[in-house]
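Chemist: structure for this input, please:
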Amino acid sequence: MTTTTPQTARSAPRHDPKVVTALRRFAISITVFNILGYTVLGFEQPWLWPFVALATAYTIEIGLEIIGARTEGRPPRFLGGGVRGLAEFLYPAHITALAVNMLTYVNDQILAMMFGVAVAIGAKWVLRAPVRGRLRHYMNPSNFGIMMILVVFPWASIAPPYHFTENVDGFVDWFLPLAILGLGTMLNAKLTGRMWLIGAWLGVFALQSVVRGVLLDTSILGGLATMTGVAFVLFTNYMITDPGTSPSKPASQVAFGGSVALVYGMLTGAGIAYGLFFATAAVCAVRGIFLWSVHIVNKVREANEAQARAAAATAGDPTATPLTTPSNTKEVVVA
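Modeler: Below is the predicted model of the structure:
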């Protein structure tokens, strides 16, 4: 058994080293893709917008961390590690900002884009659930920010499919999704460990395309062709596999990925547009409810066991009194 003290809690790493490496490579990949998008591929948002998105995300992330640190009586997580520590702290915000701006089209309404980024960052502090003794966000930030833009601003839309390959053709038009697929697969296989999730997501997505074709007389080939687009490849390798909001165990990954595809099929069959984002948010929400349910059940069981032990002790010794825990007792955690 080991004793957790405030000092050891402060010195604990914020992320597993593999997760930090994955986030760094995610951040580099999406940055390079945005540079290519604005210079070569044909991104249609104003070139200044990714910088505005980054400034918005950085400001809110740091501001909320300062507030959270003061509330919890700890130093901010971006301090103590120098420039590298600050960069590692901002990796998630960096990825979220560029993804929200890149994947949405809000015409010239920059405040709508900033709203999506702000909601995405803020949701990490509001939509949290206990995981291994710590409160962690369960809602995919980028996906949630994009979804809220679509809900609050009905005139907004997702970036059009040609947005990613508008200015290229021929070999490059085919090579680009293959390159993203290859790099994303290596990243997820070696660092995030989300290949079970990807496999279930792709398998059930293909299956629901066939089922919708049979039951609703939609084009099966059209449904399957969705899987060849750059947007779908990006979603598969860089959004649904977010290590912070997807499960780690193989069986849970299969359930998560398959559920997103299943809900997508139901939404699309019902005529609801942008099903990818709504399906992901719905499954993340269910996962958050499940995590809270497990936590509450465990707390109730522990309380009942404590009462049973106290009752047994009192019955064995009429003079015994229920034990109380001193206020200065340190938290004991099983190693």
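
Chemist: find the helix or strand that the closest residue to residue 165 other than its chain neighbours is a member of.
Modeler: Leaving aside its chain neighbours, residue 165 sits nearest to residue 173 (5.4 Å; criterion: C-beta to C-beta, 6 or more residues apart in numbering). For the C-beta atoms, the positions are set from N, CA and C on the backbone; glycine is no exception. Taking DSSP states H and E as the criterion, the element that holds residue 173 is helix 171-187.

Chemist: give the other helices and strands that that helix contacts.
Modeler: helix 17-36, helix 230-238 (3 or more C-beta pairs under 8 Å, 6 or more residues apart in numbering; DSSP states H and E).

Chemist: tell me the most buried of those helices?
Modeler: Most buried of those, by mean neighbour count (mean count of other C-beta atoms under 10 Å): helix 230-238, with a mean of 21.

Chemist: what angle do that one and helix 17-36 make?
Modeler: Relative orientation of helix 230-238 versus helix 17-36 (axes from the mean of the first three to the mean of the last three C-alpha atoms, to 10 degrees): 160 degrees.

Chemist: and residue 269, how many neighbours?
Modeler: Per other C-beta atoms under 10 Å, the neighbour tally for residue 269 reads 15.

Chemist: and it, what does it touch?
Modeler: Contacts for residue 269 were tallied using C-beta atoms under 8 Å, 6 or more residues apart in numbering; they are 212, 215-216.

Chemist: so how far is residue 18 from it?
Modeler: 38 Å (C-beta to C-beta, to the nearest Å).

Chemist: next: residue 264.
Modeler: On the measure of C-beta to C-beta, residue 264 and residue 18 end up 29 Å apart.

Chemist: which residue packs closest to the residue positioned nearest the centre of the chain, ignoring adjacent ones?
Modeler: With distances taken as C-alpha atoms, centre = their mean, the residue of the chain nearest its centroid is residue 140 (2.9 Å). Leaving aside its sequence neighbours, residue 140 sits nearest to residue 245 (C-beta to C-beta, 6+ apart; 4.6 Å).

Chemist: what helix or strand is that neighbour on?
Modeler: Counting by DSSP H and E, residue 245 is part of no helix or strand.

Chemist: hang on, it packs against residue 137?
Modeler: Yes. The pair residue 245 / residue 137 is scored as a contact, 6.5 Å apart, by C-beta atoms under 8 Å.

Chemist: where does pLDDT dip in the chain?
Modeler: 1-15, 316-335 (pLDDT under 70).

Chemist: ok, back up a step: next one: phi and psi at the residue nearest to the centre of the chain?
Modeler: phi -60, psi 120 (degrees, to the nearest 10).

Chemist: ok, now which ones touch it?
Modeler: 239-240, 242, 245-246, 280-281, 284.
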